[in-house]
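Novice: Below is the sequence, then the predicted model.
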Amino acid sequence: MTTTPLAKSACEDGGSRPERATRAGGLLPADPVLRLATVLTAVNSLGNGLYFPLGVLYFTRIVGLEATSVGLGMTVAGLVGVAAGVPAGRAADRWGARRVGSLLWGGTGIATASYVLVGSYAAFLVAVICATGLQMASRGVQGALYAEVLAPATRVEARAYLRMVTNVGMGVGGALGAVALQVDTRGAYLTVIVLNALSFAGPALLLPRLPLAPHARERAVPAAGAAAVDRWRAVRDLPFLTVTVLNAVLVVQYTLAEVGLPLWIVQRTTAPRWTAALLMIVNCVLVALLQVRVARRASHVTTAVRAMGWSGLLLAAACAVYALSAGLSPVWAVLSLTAGAVVQVFAEVLSAAGGWTLGYELADARAHGVYQGVFGTGASAGMMAGPALVTVTAIAHGAFGWAVLGGVFALAGLCVAPAVRWARRDGAWRGEPA
């Protein structure tokens, strides 16, 4: 059902089918740029996976801070990170995504390492705001970085491959982090923090070694008489902002697995608590298997729009299946939740691939930094708003809430098509065909 709309040739926009970016050269991709990016991503995601299971516990159990205070501090840090996304993208346009990304990753590593020195709530706030703010600001810069070092024809597939690497790295890191949790000593927590900090600092030193792609080198030398680029155009580009908002709504789906489903399982179903972990494993495995394949079918605007539309509809279907799990016996509740999780995975990989394509193809190629900063900021805002939205709909109102949430997803997915048509008609300012 999900593959049929995307089974048409990826060349229907008039281009030829690109060479696969992820063709294997041994254990790593043959493309040397993607190979180095794979190593950097694997190292960083391994460190993040190590830290993820025990970050909050370190500050509450070892440092001795109250859980509510830690949660508030992390929320403030997230808001700072959202606000920093666009200025970071603007800096990437001015000084280069590789240089700015290296500084942001290095700064995140230093700020993360400072966690070992935290002994008060004030110190915690400073450290977590710096670390989270720098890490979230780097997301848009990372999008601009891929625009600089990867060929346009293969960068969406490459991003899908790197997302697969991220999932594997996070999974392995999480398993190792569970060992540190079991040891449960100050030394174990501090070791994990230092390793996570190194996972940022090490790649930051290698990031400038990524070579510019030919198209990026050409843009680095403006043609004589070329018009000046409005570097802040993205924040006034209403069609692009509309697509960004719709993508942000679809991004809310990520909080279903992290926040909504665990609460739903415990409060509204008879399914055992371990079902939440089962659904997370199902998600990680299927995303790793499907993301690259789906990205190959959503690498042009037309197929990306179709992918986003199907994503919204599939999310609505997943919400309906989740709602059905209430009141069932434990076995049937687990089966219903698992079926919903599988449907959601298809929605997730479709919206991720479609979002990457639209984020690049609708942007002004001369100002990818600020455009990717805007797009990444929208995604971060969706992630932050997600827990509240899921809680006040599905968790608070049961089946009716799931229906409302599903309707929001479906509407957002279906509205992508007219928003993209508006953006392409408005593309004349970039010298594009209407």
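Specialist: It's in. Residues are numbered from 1 along each chain as shown.
Novice: ok, and the nearest residue to Thr191 once chain neighbours are set aside, which helix or strand is that part of?
Specialist: With sequence-adjacent residues excluded and distances taken as Cβ to Cβ, 6 or more residues apart in numbering, Thr191 is closest to Ala180, at 7.0 Å. For every residue, glycine as well, the C-beta is placed using N, CA and C. For Ala180, the host element (DSSP states H and E) is helix 155-183.
Novice: For that helix, buried residues please.
Specialist: Within helix 155-183, the residues that qualify as buried by neighbour count (16 or more other Cβ atoms under 10 Å) are 155-171, 173-174, 177, 180.
Novice: contacting residues around the residue nearest to Thr191?
Specialist: Contacts here follow Cβ atoms under 8 Å, 6 or more residues apart in numbering; on that basis Ala180 touches 50, 54, 188-189, 191-192.
Novice: Select from the residues you listed every entry located in helices.
Specialist: The subset of the contacts of Ala180 located in helices under the criterion DSSP state H comprises 50, 188-189, 191-192.
Novice: Would you format those as CSV with pLDDT, distance to Ala365 and neighbour count included?
Specialist: Converted to CSV, those look like this (pLDDT from 0 to 100; distance: Cβ to Cβ, whole Å; neighbours: other Cβ atoms under 10 Å):
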residue, pLDDT, distance to Ala365, neighbour count
Leu50, 86, 37, 27
Ala188, 89, 47, 18
Tyr189, 90, 45, 24
Thr191, 93, 44, 15
Val192, 91, 40, 26
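Novice: which of those residues lies closest to Glu348?
Specialist: Each of the ones in helices among the contacts of Ala180 was scored against Glu348 by Cβ to Cβ, and Leu50 proved nearest at 23.8 Å.
Novice: May I have stretch 390-401 exported as CSV, CA atoms only?
Specialist: These are the backbone C-alpha positions of stretch 390-401, laid out as CSV (Å, rounded to 0.1, in the frame of the first residue of the first chain):
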residue,chain,number,x,y,z
VAL,A,390,0.0,13.9,22.2
THR,A,391,-0.8,14.2,25.9
VAL,A,392,-3.7,16.6,25.6
THR,A,393,-5.2,14.5,22.7
ALA,A,394,-4.7,10.8,22.8
ILE,A,395,-3.7,10.3,26.5
ALA,A,396,-6.3,12.7,27.9
HIS,A,397,-9.3,11.8,25.7
GLY,A,398,-8.7,8.2,24.5
ALA,A,399,-10.1,7.2,21.2
PHE,A,400,-11.5,10.7,20.5
GLY,A,401,-8.1,12.2,21.1
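Novice: Provide the contact partners of that stretch at residue level.
Specialist: In contact with stretch 390-401 (Cβ under 8 Å, 6+ apart) are residues 252, 255-256, 259-260, 263-264, 267-268, 319, 322-323, 326, 402, 404-405.
Novice: Filter these down to the buried ones.
Specialist: Among the contacts of stretch 390-401, those buried by neighbour count (16+ other Cβ under 10 Å) are 252, 255-256, 259-260, 264, 268, 319, 322-323, 326, 402, 404-405.
Novice: can you list those residues in CSV and add secondary structure?
Specialist: Conversion of the buried ones among the contacts of stretch 390-401 to CSV gives the following (DSSP: H, G, I helix; E, B strand; the rest coil):
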residue, secondary structure
Val252, coil
Thr255, helix
Leu256, helix
Val259, helix
Gly260, helix
Trp264, helix
Arg268, helix
Cys319, helix
Tyr322, helix
Ala323, helix
Ala326, coil
Trp402, helix
Val404, helix
Leu405, helix
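Novice: Those residues: which two are farthest apart?
Specialist: Taking Cβ to Cβ, no two of the buried ones among the contacts of stretch 390-401 sit farther apart than Val252 and Ala326, at 20.8 Å.
Novice: on that earlier part again, what pLDDT, on average, does the helix holding Ala180 get?
Specialist: Averaged across helix 155-183, pLDDT comes to 84.
Novice: tell me the angle the strand or helix carrying Ala353 makes with helix 155-183.
Specialist: Using DSSP H and E, the element containing Ala353 is helix 330-361. Orientation check (axes from the mean of the first three to the mean of the last three Cα atoms, to 10 degrees): helix 330-361 against helix 155-183 gives 140 degrees.
Novice: Tell me how far the very next helix or strand once past helix 330-361 lies from the chain's centre.
Specialist: Using DSSP H and E, the next helix or strand after helix 330-361 towards the C-terminus is helix 368-390. Between the centre of helix 368-390 and the centre of its host chain there is 9 Å, according to Cα atoms, centre = their mean, to the nearest Å.
Novice: And stretch 186-205, by the same measure?
Specialist: Centre-to-centre, stretch 186-205 and its host chain are 22 Å apart (Cα atoms, centre = their mean).
Novice: can you list contacts of that stretch?
Specialist: Looking at stretch 186-205 with Cβ under 8 Å, 6+ apart, the contacting residues turn out to be 39-40, 43-48, 50-51, 54, 57-58, 62, 101-103, 105-106, 108-110, 112-113, 115-116, 135, 177, 180.
Novice: Tell me which entries of those lie within helices.
Specialist: Filtering the contacts of stretch 186-205 for helices - DSSP H - leaves 39-40, 43-48, 50-51, 57, 101-103, 105-106, 108-110, 112-113, 135, 177, 180.
Novice: So among those, which ones count as buried?
Specialist: In the ones in helices among the contacts of stretch 186-205, burial by neighbour count holds for 40, 43-48, 50-51, 57, 101-103, 105-106, 108-109, 112-113, 135, 177, 180, counting by 16+ other Cβ under 10 Å.
Novice: Below-threshold pLDDT in the stretch 1-150 of the chain: ranges please.
Specialist: Applying pLDDT under 70 to the stretch 1-150 of the chain picks out residues 1-27.
Novice: neighbours of Asp364, just the number please.
Specialist: Residues lying near Asp364 (other Cβ atoms under 10 Å) number 21.
Novice: picking that back up, flag every buried residue along the helix holding Ala353.
Specialist: Of the residues in helix 330-361, those buried by neighbour count under the rule 16+ other Cβ under 10 Å are 333-334, 336-341, 343-361.
Novice: by how many degrees do the helix or strand where Ala396 lies and helix 368-390 diverge?
Specialist: Element membership of Ala396, judged by DSSP H and E, is helix 396-425. Using the same axes, to 10 degrees, the direction of helix 396-425 lies 160 degrees away from that of helix 368-390.
Novice: Now do the contacts for Leu250.
Specialist: Contacts for Leu250 were tallied using Cβ under 8 Å, 6+ apart; they are 308, 311-312, 315, 351, 355, 382, 409, 412-413.
Novice: Great, nothing more from me.
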